[in-house]
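Undergrad: any chance you could fold what I've pasted below:
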Amino acid sequence: MRWSLSEFLNELELRGQTWCVVECDDAGGFSVPPDDRLRFYAVLEGGARIAGLGGPPLGLNAGEIAIILSGEAHAVRARPDSRTTIIDFMREGSYDDEPPTLRLGDGGPVATRLLCGRLKVRWPGGVMPHALPPLLQLGPDDPLVGVADLARCAAGVGAAGLLTRIAATLLAQALQRHAAGADDFPASIMDDPVARAVQVIDQHPAQPWTVSSLAQKIGMGRSNFATRFASMTGSTPMEMLAERRMQMAEDLLRQRGSLKIVEIATRVGYRSEAAFIRRFVRQFGITPGVMRSRAARP
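TA: The predicted model follows:
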């Protein structure tokens, strides 16, 4: 089954609220160890150089945005010879409601101001499409939301969450532009049966899916589908289905509605309240009732 680029972009999701503003003088810079997170850099003032992504260093000027998808180690410097340090706030994925401002260097005048984000990507197929480059760029005149707007959004209550939503929009824009100029990218995502199966699970998690019914839905044999799904996503179809149902249940519990636990269990696809609670405790370490009580606290 073939699906459109719009469907792919609609299912693409960014999570997390690790954001900070980094100010560097001429001697300042930072290094980023490898991990599985997306890195978002918007140059608010001055310029920056990103090195270590398998090519010559990338120069960024004020107004430009770089989105690093590959999770590779890299370094960001104000100048080619600037020293680098590891920012614990970004390495550990710390959560602040309002992004802090961090100073790097010897205390001289600010040469570079960057808005930096560390976010988790949930790809529609469970893995990043192989045709994507390690890095995507948006020029000063490209972004739907410019860096001046990003700077304003980085202040105040809820700023980190707002920035994550904006970053998701900018990632979708950058991917759309990349797809328009790369013949292999649309084919690599739109014709992938596992990606389609993940989309089906995401859109209809409460349906009584089995491995066989999912395989039949996307036109594959059960055995081949199960093997390929596990190889690409790292989990079985039923494990992913259970995780999506738990995410849906968590959202319902945190909405402070009047639904009973048994009603939530039915709504997310469980016929037995006891089975739902067992799976919920395994996922979150607490019962649904405890989560609801915590969510209700001011």
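Undergrad: now do the helices in the stretch 51-200 of the chain.
TA: 88-91, 147-153, 159-180, 184-190, 193-203 (DSSP state H, counting those that start in this stretch).
Undergrad: residues in contact with the closest residue to residue 167 other than its chain neighbours?
TA: Of all residues beyond its chain neighbours, the one nearest residue 167 is residue 40 (5.1 Å), with distances taken as C-beta to C-beta, 6 or more residues apart in numbering. Every C-beta, even on glycine, is put in place using the N, C-alpha and C of the backbone. Contacts for residue 40 (C-beta atoms under 8 Å, 6 or more residues apart in numbering) come out as 65, 66, 67, 68, 115, 116, 117, 118, 119, 167, 170.
Undergrad: before we move on, what SS does residue 40 have?
TA: Following DSSP: H, G, I helix; E, B strand; the rest coil, residue 40 is assigned to strand.
Undergrad: convert stretch 290-298 to PDB, retaining C-alpha atoms only.
TA: Extracted C-alpha coordinates of stretch 290-298, given in PDB (Å, rounded to 0.1, in the frame of the first residue of the first chain):
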ATOM      1  CA  VAL A 290      -2.400   6.800  40.900                       C
ATOM      2  CA  MET A 291      -1.500   8.500  37.600                       C
ATOM      3  CA  ARG A 292      -4.900  10.300  37.600                       C
ATOM      4  CA  SER A 293      -4.500  11.400  41.200                       C
ATOM      5  CA  ARG A 294      -1.000  12.800  40.400                       C
ATOM      6  CA  ALA A 295      -2.300  14.600  37.300                       C
ATOM      7  CA  ALA A 296      -5.100  16.200  39.400                       C
ATOM      8  CA  ARG A 297      -2.600  17.800  41.800                       C
ATOM      9  CA  PRO A 298      -2.000  21.600  41.200                       C
END
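Undergrad: centre of the chain to it, how far?
TA: Stretch 290-298 has its C-alpha centroid displaced from the chain centroid by 26 Å (C-alpha atoms, centre = their mean, to the nearest Å).
Undergrad: same question, stretch 7-26
TA: Counting by C-alpha atoms, centre = their mean, stretch 7-26 comes out at 8 Å from the chain centroid.
Undergrad: and it, what's buried?
TA: 7-9, 11, 14, 16-26 (16 or more other C-beta atoms under 10 Å).
Undergrad: phi, psi of residue 156?
TA: For residue 156, the backbone dihedrals (degrees, to the nearest 10) come out as phi 100, psi 170.
Undergrad: not counting its neighbours along the chain, what's nearest it?
TA: Leaving out its chain neighbours, the residue that sits closest to residue 156 by C-beta to C-beta, 6+ apart is residue 98, at 6.4 Å.
Undergrad: what about that neighbour, how many neighbours?
TA: Applying other C-beta atoms under 10 Å, we find 15 residues neighbouring residue 98.
Undergrad: contacting residues around it?
TA: Contact analysis of residue 98 by C-beta under 8 Å, 6+ apart lists 154, 155, 156, 157, 159, 160.
Undergrad: do residue 175 as well
TA: So residue 175 contacts 9, 12, 132, 136 (C-beta under 8 Å, 6+ apart).
Undergrad: let's see that with 7 Å instead.
TA: Residues in contact with residue 175, defined by C-beta atoms under 7 Å, 6 or more residues apart in numbering, are residue 9.
Undergrad: tell me the pLDDT at it?
TA: Residue 175 carries a pLDDT value of 91.
Undergrad: cool, residue 67 as well?
TA: On pLDDT, residue 67 comes in at 97.
Undergrad: how many other residues sit next to it?
TA: 21.
Undergrad: so it is in contact with residue 134, correct?
TA: No. Shown here, residue 67 and residue 134 do not form a contact pair, counting by C-beta atoms under 7 Å, at 10.0 Å.
Undergrad: residue 34 in helix, strand or coil?
TA: Classified using three-state DSSP, residue 34 is coil.
Undergrad: contact partners for it?
TA: Counting by C-beta under 7 Å, 6+ apart, residue 34 has contacts 71, 72, 73.
Undergrad: can you redo those residues as JSON lines with distance to residue 259?
TA: Formatted as JSON lines, the contacts of residue 34 follow (distance: C-beta to C-beta, whole Å):
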{"residue": "71", "distance to residue 259": "38"}
{"residue": "72", "distance to residue 259": "44"}
{"residue": "73", "distance to residue 259": "45"}
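Undergrad: make a markdown table from these and add pLDDT to it.
TA: Listed next are the contacts of residue 34 as a markdown table, based on pLDDT from 0 to 100:
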| residue | pLDDT |
| --- | --- |
| 71 | 87 |
| 72 | 90 |
| 73 | 92 |
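Undergrad: just the buried ones from those residues, in ChimeraX syntax?
TA: In ChimeraX, this line selects whichever of the contacts of residue 34 come out buried by 16+ other C-beta under 10 Å:
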select :71,72
